[in-house]
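Chemist: Okay, here's the prediction I keep looking at, along with the sequence it came from:
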Amino acid sequence: MKKFLLIFLIPLCQIFYAQEDCATALAVCGNSGFSYTPSGFGTQELPDGNCGIYVEKYSVWYKFTIATAGTLTFVITPLTTAATDYDFYVWGPNVNCATKGNTIRCSTPYTSGATGLNMTSTDLYDGAGTSGNGDEWVKYMDVLPGQTYYLLVNNYSANTNGFSLTWGGTATLASPFNDPALTPNPFIAPGTPNANPANPNEVIVCTSPAVFDFSTLSAGIVNNNPNFTVTYHTSQNDALSGASPIVTPITVNTTTTYYYSIHYTDPTNPANPINSCRQIGTFKFKLGNITANDVTMNACNNNNSGIATYDLTSTALAVLNDPTATQKYYPTMADLNAGTNEITNPANYASSTGVVYVKVTTPQGCADTATITLNFFPVVVVNDATLRACFIEGNPSTGLFNLTNASVTTQGGITKKYYPSLTDAINGTNEINPTTAAAYTAPNGVIYIKVTNGNNCYAVAKVTLIVIPPVYSTVLKDKIICMEDKTTLDAGPGFNAYEWSTGATTQSISNVGVGTYWVKLKTGDCTAIQTVKIYPSEQPVISTIDISTTTVTVYVVAGTAPYKYSMDNINWQDSNVFANVPRGNNTVYVKDSYDCEPIHVEIVVPNLINVITPNGDGVNDVIDYSALANKQNLIFNIFDRYGTKIFQADKTNGYKWDGTTNGGKKVPTGNYWYSVTWNENDKKSTPFKYTGWVMVKNRE
């Protein structure tokens with residue numbers, strides 16, 4: 001046997017007559033046993049010539065075909081111990097009902113108990129009027145493949161006690177249900193197993209009573225086995241015979257047992273005996289209506305935006321604890337009823353507070369609706385804050401801030417993270433790590449703190465960063481003093497503390513000379529360092545001194561005008577011209593507006609010779625400036641009245657002029673001009689220029 005069961009039968013209590021005739025005999029397919037309760041008789045097709053003259057009382061006809069050769073036995077056993085007389089008759093092989101002839105096996109004794117074919121009996125017929133021994137048993141049959149036989153089982157005692165029939169021997173009966181070539185897949189009973197395995201499977205309906213289309217079960221039962229069809233019935237007898245099939249949707253309930261009958265049709269041989277085979281089963285309907293639960297869910301109103309993101313799917317099991325059910329979400333009940341505007345992103349649904357509607361449908365098609373109330377978690381309350389920090393020395397536009405000190409919320413159970421921009425805070429990108437946040441260098445600006453509570457909701461606070469700039473003294477200025485002088489430095493009032501580079505902690509320091517000083521000026525908690533310099537005044541420089549006869553003109557550069565001039569360091573004048581300066585060595589003094597120690601230059605007012613008579617008498621023969629030979633760059637030039645240079649006296653000629661040109665020719669008698677220039681032997685190499693005139697009397 002390659003299939004476990006060909007026909008599923010339960011004891012019958014229905015009255016029917018179709019199987020009480022040979023022409024409508026029930027097909028027996030396969031060697032599985034079955035039980036049956038005859039409930040009447042059809043057309044009288046007895047007596048039989050081999051077993052005497054009898055009548056059908058409670059009878060049923062069967063037809064079976066041999067699949068494999070061998071011996072065939074069967075046992076008919078009454079289902080009760082009460083007196084029940086069962087007879088049987090076998091015709092064949094390959095006879096038809098109209099001309100089937102006499103039986104080839106039969107048993108008709110007037111006794112109760114089991115009867116049938118066995119391997120030990122030798123008689124072919126047993127009963128009154130036969131040669132049998134009256135033990136109710138007859139000899140087995142030797143059968144060949146393809147042979148078809150008819151079997152009549154008759155309850156001669158005419159009661160409603162059924163029987164069971166089991167097969168034996170080495171032969172097998174033909175069946176499409178145990179042929180792997182015909183049934184490559186197992187048949188699947190409809191519905192789900194009953195809690196009590198002895199009861200039929202259960203098919204879910206959403207209401208009871210309900211209108212049900214049985215054809216929707218067929219594909220699942222057949223399970224892709226070709227050439228099989230399924231019919232549905234309200235009685236076992238109809239299922240066995242295929243009579244009165246349910247062909248349109250009908251109203252069903254959860255108390256009635258329904259039958260399905262699987263039927264094979266040989267596509268190449270409509271007369272194939274196995275075409276009469278049916279495999280039947282039972283099922284009932286079970287009420288599967290569902291009740292969806294209304295639920296409430298909370299989500300974060302992050303940053304108090306008025307919108308939260310809800311995962312509607314997270315409520316699925318709370319709405320209906322059935323993971324096989326499908327759920328669809330709609331913004332309104334009207335949309336749910338119409339199937340419009342379905343929420344297509346239920347796992348990431350952005351919404352304010354309110355209600356959405358969910359339609360729950362089981363795989364069996366049962367549905368219900370529920371509401372999902374959308375609420376906000378309590379918002380995270382934050383406030384903007386301001387942090388101030390002292391400027392950083394060396395980079396006064398920046399300050400060092402401790403962001404963790406920003407007081408942005410009073411709520412407990414929160415975490416804080418720090419970000420350079422609002423976008424970063426919302427997206428959680430470019431976080432300022434906690435170590436950096438505690439010592440954050442920044443100019444004036446803003447940062448953002450993301451405050452998150454235990455519900456993972458957040459709000460973002462803005463923190464304004466203010467760099468406290470350095471506060472310097474407006475009265476403390478660089479000074480210029482005479483090198484030898486001392487002065488006072490005063491930082492002015494208004495500071496909380498002072499600390500000078502001299503160690504003084506007073507507002508001012510005195511008796512300080514030329515140099516560089518600093519003072520730390522404290523304003524509030526911040527300290528600025530201000531540097532101040534005391535410069536020495538720039539001394540004036542005598543750039544040139546012109547001496548014209550007894551008039552001395554002093555030219556001064558550098559220093560700070562106006563200048564003062566003196567020849568004795570006692571009497572001072574504003575003019576740079578001194579008249580009637582005596583011949584010989586003199587001193588010129590100059591000071592500028594700072595009235596510092598004056599500078600001075602030694603000058604020589606040469607002796608004035610206005611007439612020479614170069615006649616060789618040794619008296620007034622030459623102009624002689626050799627006394628100035630020790631001066632730097634000494635030059636002595638003679639010019640005629642037209643300004644033409646006619647002679648230059650230098651160290652080659654002893655800085656003397658004897659009234660001749662450089663070529664040695666005597667000049668004519670007349671007036672001549674001369675100039676003497678040199679640089680004084682002082683630190684500045686002060687240039688001097690002395691001018692005058694002379695009359696030359698040449699007698700030649």
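Modeler: Right, received. Where do you want to start?
Chemist: Quick check: nearest residue in space to Phe214, chain neighbours excluded?
Modeler: Nearest non-adjacent residue to Phe214, counting by CB to CB, 6 or more residues apart in numbering: Tyr232, 4.2 Å away. Yep, even glycine has a C-beta here, placed from its N, CA and C like the rest.
Chemist: Can you name the next helix or strand after the helix or strand containing that neighbour?
Modeler: Using DSSP states H and E, Tyr232 maps to strand 228-233. Counting by DSSP H and E, the element after strand 228-233 in chain order, helix or strand, is helix 236-241.
Chemist: State the paired neighbours of the next helix or strand after that following helix in the sheet, together with their directions.
Modeler: Counting by DSSP H and E, the next helix or strand C-terminal to helix 236-241 is strand 250-252. With DSSP bridges as the test, strand 250-252 is paired with strand 210-212 (antiparallel).
Chemist: what ranges do the helices span in the stretch 201-350 of the chain?
Modeler: With DSSP state H, counting those that start in this stretch, the ranges of helices along the stretch 201-350 of the chain come out as 218-222, 236-241, 316-319, 333-338.
Chemist: quick one: buried residues of the strand holding Tyr232?
Modeler: For strand 228-233, a neighbour-count test (16 or more other CB atoms under 10 Å) marks 228, 230-233 as buried.
Chemist: And the contacts of that strand?
Modeler: Under the criterion CB atoms under 8 Å, 6 or more residues apart in numbering, residues 176, 183, 187, 214, 217-218, 221-222, 239, 242-246, 258-265 lie in contact with strand 228-233.
Chemist: for stretch 647-663, same thing?
Modeler: Outside stretch 647-663, the residues that touch it by CB under 8 Å, 6+ apart are 612, 614, 621-626, 628-629, 634-638, 646, 666-667, 674, 696, 698.
Chemist: how about low-confidence regions in the stretch 101-250 of the chain?
Modeler: Counting by pLDDT under 70, the ranges of the stretch 101-250 of the chain that qualify are 128-129.
Chemist: Dump the buried residues of strand 228-233 into CSV; add distance to Tyr517 as well.
Modeler: Shown next, in CSV, are the buried residues of strand 228-233 (distance: CB to CB, whole Å):
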residue, distance to Tyr517
Phe228, 114
Val230, 112
Thr231, 117
Tyr232, 114
His233, 119
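Chemist: and of those, the nearest to Thr361?
Modeler: Comparing the buried residues of strand 228-233 against Thr361 with CB to CB places Tyr232 closest, at 25.0 Å.
Chemist: Would you list the phi and psi of Val446?
Modeler: phi -140, psi 150 (degrees, to the nearest 10).
Chemist: can you list the helices of the stretch 201-350 of the chain in CSV and add mean neighbour count and distance to Tyr89?
Modeler: Shown next, in CSV, are the helices of the stretch 201-350 of the chain (neighbours: other CB atoms under 10 Å; distance: least, CB to CB, whole Å):
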stretch, mean neighbour count, distance to Tyr89
helix 218-222, 16, 36
helix 236-241, 23, 20
helix 316-319, 18, 64
helix 333-338, 14, 66
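Chemist: Which stretch among those helices approaches Pro598 most closely?
Modeler: helix 316-319 (105.3 Å).
Chemist: Now do that closest one: everything it contacts.
Modeler: Contacts for helix 316-319 (CB under 8 Å, 6+ apart): 292-293, 295, 323, 325, 327, 358, 360, 370, 372.
Chemist: Contacts only, for Thr386.
Modeler: Thr386 neighbours (CB under 8 Å, 6+ apart): 463-466.
Chemist: change it to 7 Å
Modeler: Contacts for Thr386 were tallied using CB atoms under 7 Å, 6 or more residues apart in numbering; they are 464, 466.
Chemist: Could you list everything it pairs with in the sheet?
Modeler: The partner residues for Thr386, given DSSP bridges, come to Thr464.
Chemist: roughly how far apart are it and Lys462?
Modeler: With the distance defined as CB to CB, to the nearest Å, Thr386 ends up 9 Å from Lys462.
Chemist: Also Pro582?
Modeler: Taking CB to CB as the measure, Pro582 falls 87 Å from Lys462.
Chemist: now swap in Ile545 and tell me
Modeler: From Ile545 across to Lys462, the span is 75 Å (CB to CB).
Chemist: More neighbours: the two, which one.
Modeler: Counted by other CB atoms under 10 Å, Ile545 and Lys462 do not tie: Ile545 has more neighbours, with 21 against 17.
Chemist: can I assume that one is in contact with Phe688?
Modeler: Yes - the pair Ile545 and Phe688 passes the contact test of CB atoms under 7 Å, sitting 5.0 Å apart.
Chemist: Identify the contacts common to those two.
Modeler: Common neighbours of Ile545 and Phe688, using CB under 7 Å, 6+ apart, are Ile603.
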